[in-house]
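>>> Give me the fold of what follows.
(chains A and B)
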Number of protein chains: 2
Amino acid sequence: MMQGKASIRFQNPPHILGTGCVAGEKEAQGPLGRWLDQVEQDPMCGQDTWEAAESHLQAQAARLALEHAGCASGDIRYLFAGDLLGQLIATSFGLKSLGIPLFGLYGACSTMGEALGLAAMAVDGGYADKTMALASSHFASAEKQFRFPLAYGNQRPYSATWTVTGCGAVVLGRDGGQVRIAGMTTGKIVDLGVKDSMNMGAAMAPAAADLVMQNLIDFDVTPEYYDQVITGDLGTIGQRALLDLLKEEGVNLEGYHRDCGMEIFDPETQDTHAGGSGCGCSAVALCAWILRELAQGHWRRVLFIPTGALLSQTSFNEGQSIPGIAHGVILERV
Amino acid sequence: MMQGKASIRFQNPPHILGTGCVAGEKEAQGPLGRWLDQVEQDPMCGQDTWEAAESHLQAQAARLALEHAGCASGDIRYLFAGDLLGQLIATSFGLKSLGIPLFGLYGACSTMGEALGLAAMAVDGGYADKTMALASSHFASAEKQFRFPLAYGNQRPYSATWTVTGCGAVVLGRDGGQVRIAGMTTGKIVDLGVKDSMNMGAAMAPAAADLVMQNLIDFDVTPEYYDQVITGDLGTIGQRALLDLLKEEGVNLEGYHRDCGMEIFDPETQDTHAGGSGCGCSAVALCAWILRELAQGHWRRVLFIPTGALLSQTSFNEGQSIPGIAHGVILERV
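Below is the predicted model of the structure:
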């Protein structure tokens, strides 16, 4: 069942039974907007705080995923979920009413990959009939957590990314649906010493490159094995760094690589600089774009790699570097 | 393999091959002090910041656990780890040099239970030969994260707990060692509306009671099935609440219940009020006390239930309640 050093090929690949994705107005205006399940026009989602708004996104995405999978919360044995906020408060308050046994996860923006991998492991291993994986982010709660008060209106360099306001949720089970999770590669922390929190693509690219290499070695395949290798939120600068790092290893990913952060916004019209980011970026892009393309037969096999920058306001203020991590899952059309 | 609604009885119960526990001077002066593997007399552990000191505790505990299990970091397939700090920075910086594929977890002070459960699942399911579970906390980094600057010297009510400065790490594998993990019960979020962050025992007790009830129902046993039911850090007030809540359900845990937070400090001489708390509390008590008692044959079977209070400084300041969560694992002498 195991393969290589950090990868698993599932014996009974779990299937994706249903998804839910909810996002904000800016995301709705982007290239993937028409495929969102639900759009929240009000950035506060009718709540009193940004954090409560993000919790609302989670509750809505979970509800839609259950609906689309044709099941109730009581049918889900385990929930694997997380967000970017300190102590995962978007998750704690967003999902508590579901009453599902919860594994809280933190992998920064790689959380959807971490959640999908563990949720798939639980189904493949026979520990659960159905599981849910979920991740969210909110532009305003993330700016408050990591950067500046919105009212400052501070300038953002072109290397900065724009945190996606959105949540994606996926229900996994043994049978049904058009896409399955064939395997996973779990990332380790990679830190090349990047300290610029306004260039997180550069901070995460080494971890993404490490994950790609590990995956290719563990499964003994070349990049052509995948129709697409899709990272989470490297953005334009991170993509360039990833492709360069892989070229040094003798791997050419040009033409095979896409990035959720570069797909979710239109850089020409939306002023999002290097692209979208946040746990919600890859989670929403997975539901609104990648799984749809797979289901429609445009792709047969995708290596999906959400990428995370492991910084906090505290570690940044203390002058620490920004380590990266990436978690990969192999998505296949059934 | 599955049993009940939220529990698993493992087919091939993973064994605990080695542990490492490191704590500070105050913990060393407490009742469990003589069984610590390593004591850090300097609360800064020779580092520049409290956060880096906590990372140092993690690195030391992981090193000792590997040493005691007789293996190298390369032998560990997956690492399940977390801490209390925003974005898990103690973990990111403490464990990055190990180079082990990492699942970052956040369950507040229940993290050691969450980590042990998932680490056991990975071994039992055949996904890993060896895994490591680890959790840490540090009094000063936690005070900075959640409460007041230390220099304020603020008064603490008697219901408050004292965050343990320490880290516990456990290596799991298929065979060897004297204690195995027979099963697990995964907690859900329980919120009865407690808002007092200086009384976290009360906030967590409902989740602990829910976990105990779920475990007894899922495994169809009475409390006598266990020699001890040991919670993480309810403290004196949380213990009273737990026993009362269970009595309402017709379950009498008097005489069977212990709490790591009540064991790690001496309330008479150490001025720790309701007891110890933090991820490190149950993790250190597990390694320095519970596993030793099991190995020595004083107990045959323990239900170990780390308990977590899901608050952040932000959610508290915004007037939110403090939801609780608890994760249980069944420890058995081989």
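
>>> pLDDT weak spots in chain A?
Across chain A, the ranges flagged by pLDDT under 70 are A:1-3.

>>> can you list the domain ranges for it.
A:2-173, A:179-333 (automatic domain parsing).

>>> Include distance to chain B and mean neighbour count when you put those into JSON lines, please.
Placement of C-beta: from N, CA and C, glycine included. Listed next are the domains of chain A as JSON lines, based on distance: least, CB to the nearest CB, whole Å; neighbours: other CB atoms under 10 Å in any protein chain shown:
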{"stretch": "domain A:2-173", "distance to chain B": "3", "mean neighbour count": "23"}
{"stretch": "domain A:179-333", "distance to chain B": "4", "mean neighbour count": "23"}
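
>>> Which one, of these, ends up nearest to B:G235?
Closest approach to B:G235 among the domains of chain A (CB to CB): domain A:2-173, 19.5 Å.

>>> A:A23 is in contact with A:G166, correct?
Yes. Using CB atoms under 8 Å, A:G166 makes contact with A:A23 at a distance of 3.2 Å.

>>> tell me, what's touching those two both at once?
Both A:G166 and A:A23 are in contact with A:36, A:57, A:280, A:284, where contact means CB atoms under 8 Å, 6 or more residues apart in numbering or on different chains.

>>> Could I get the phi/psi values of the first one?
The phi and psi torsions at A:L36 (degrees, to the nearest 10) take the values phi -70, psi 140.

>>> Kindly report the same for A:A128.
phi -150, psi 140.

>>> what do you get for A:R258?
The phi and psi values for A:R258, taken as degrees, to the nearest 10, are phi -130, psi 170.

>>> Leaving out sequence neighbours, find the closest residue to it.
What sits nearest to A:R258 in space, not counting adjacent residues and going by CB to CB, 6 or more residues apart in numbering or on different chains, is A:I230, at 4.8 Å.

>>> what residues are up against the one you found?
By CB under 8 Å, 6+ apart, the contact set of A:I230 is A:257-260, A:285, A:290, A:302-305.

>>> Equivalent analysis for A:A81, please.
A:58, A:91, A:95, A:102-105, A:111, A:115, A:132-135.

>>> so of those residues, which ones are in strands?
A:102-104, A:132-135 (DSSP state E).

>>> Just put those in JSON lines and tack on distance to A:A182.
Formatted as JSON lines, these follow (distance: CB to CB, whole Å):
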{"residue": "A:L102", "distance to A:A182": "26"}
{"residue": "A:F103", "distance to A:A182": "22"}
{"residue": "A:G104", "distance to A:A182": "26"}
{"residue": "A:M132", "distance to A:A182": "19"}
{"residue": "A:A133", "distance to A:A182": "16"}
{"residue": "A:L134", "distance to A:A182": "21"}
{"residue": "A:A135", "distance to A:A182": "21"}
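
>>> how about the strands in the stretch 101-250 of chain A?
A:102-104, A:130-137, A:162-163, A:166-173, A:179-185, A:228-231 (DSSP state E, counting those that start in this stretch).

>>> Would you format these as JSON lines with distance to A:P43 included?
Shown next, in JSON lines, are the strands of the stretch 101-250 of chain A (distance: least, CB to CB, whole Å):
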{"stretch": "strand A:102-104", "distance to A:P43": "25"}
{"stretch": "strand A:130-137", "distance to A:P43": "13"}
{"stretch": "strand A:162-163", "distance to A:P43": "12"}
{"stretch": "strand A:166-173", "distance to A:P43": "11"}
{"stretch": "strand A:179-185", "distance to A:P43": "31"}
{"stretch": "strand A:228-231", "distance to A:P43": "26"}
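
>>> quick one: the helices in the stretch 101-250 of chain A?
Listed in chain order, the helices of the stretch 101-250 of chain A (DSSP state H, counting those that start in this stretch) span A:111-124, A:139-146, A:200-219, A:235-248.

>>> For B:A241, which of the domains of chain A is the nearest?
Nearest of the domains of chain A (CB to CB): domain A:2-173, 19.0 Å.

>>> follow-up on the earlier one: please identify which of the strands of the stretch 101-250 of chain A is closest to A:A202.
A:A202 lies closest, by CB to CB, to one member of the strands of the stretch 101-250 of chain A: strand A:228-231, at 13.2 Å.

>>> hang on, the earlier thing: now, the contacts of A:I230 that are in strands?
Per DSSP E, the contacts of A:I230 map to strands at A:257-259, A:302-305.

>>> ok, for A:L311, nearest residue in space, not its chain neighbours?
Distances taken as CB to CB, 6+ apart put A:I322 closest to A:L311, at 4.5 Å, once the chain neighbours are dropped.

>>> A:L105 is in contact with A:T111, correct?
Yes. If you go by CB under 8 Å, A:T111 and A:L105 touch, sitting 5.5 Å apart.

>>> so what sits against both of these two?
Overlap of the contact sets of A:T111 and A:L105 (by CB under 8 Å, 6+ apart) consists of A:81-82.

>>> what's downstream of the longest strand along chain A, the next helix or strand?
The strand that spans the most residues within chain A, counting by DSSP E, is strand A:15-24. Next in sequence after strand A:15-24, counting helices and strands by DSSP states H and E, comes helix A:25-28.

>>> residues making contact with that next one?
Under CB under 8 Å, 6+ apart, the answer for helix A:25-28 is A:33, A:36, A:39-41, A:43, A:139, A:162, A:164-166, A:264-265, A:270, A:276, A:284.

>>> show me the contacts for A:G308.
A:G308 makes contact with A:107-111, A:204, A:207, A:232, A:324-327, according to CB under 8 Å, 6+ apart.

>>> Could you rerun that using 10 Å?
Going by CB atoms under 10 Å, 6 or more residues apart in numbering or on different chains, A:G308 touches A:84, A:106-114, A:187, A:189, A:200, A:203-204, A:207-208, A:232-233, A:277, A:279, A:282, A:323-327, B:87, B:92, B:104.

>>> ditto for A:G168
Residues near A:G168 by CB under 10 Å, 6+ apart: A:19-23, A:36-37, A:57-58, A:61, A:64-65, A:112, A:115, A:133-136, A:279-288, A:291.

>>> let's see it at 7 Å
With contact taken as CB atoms under 7 Å, 6 or more residues apart in numbering or on different chains, A:G168 is in contact with A:19, A:21, A:61, A:112, A:135, A:280, A:283-284, A:286-287.

>>> Out of the residues you listed, which is nearest to B:V123?
Nearest member of the contacts of A:G168 to B:V123, counting by CB to CB, is A:M112, at 24.8 Å.

>>> I'd say the closest one and A:P306 touch.
Yes. Counting by CB atoms under 7 Å, A:M112 touches A:P306, with 4.7 Å between them.

>>> Can you pull the residues that touch both of those two?
A:S282.

>>> wait, A:G276 sits on A:G261?
Yes. Using CB under 7 Å, A:G276 is in contact with A:G261, at 4.4 Å.

>>> SS state for the most centrally placed residue in chain A?
Computing the C-alpha centroid of chain A and ranking residues by CA atoms, centre = their mean puts A:S282 first, at 3.3 Å. Following DSSP: H, G, I helix; E, B strand; the rest coil, the label given to A:S282 is helix.

>>> Just give the closest residue to it, not the sequence neighbours.
A:G232 (3.7 Å).

>>> quick one, what contacts the one you found?
Under the criterion of CB under 7 Å, 6+ apart, the contact list for A:G232 reads A:109-110, A:260-261, A:281-282, A:305-307.

>>> got it, and A:A133?
So, once contact is read as CB under 7 Å, 6+ apart, A:A133 ends up touching A:80, A:112, A:115-116, A:119, A:170, A:172.
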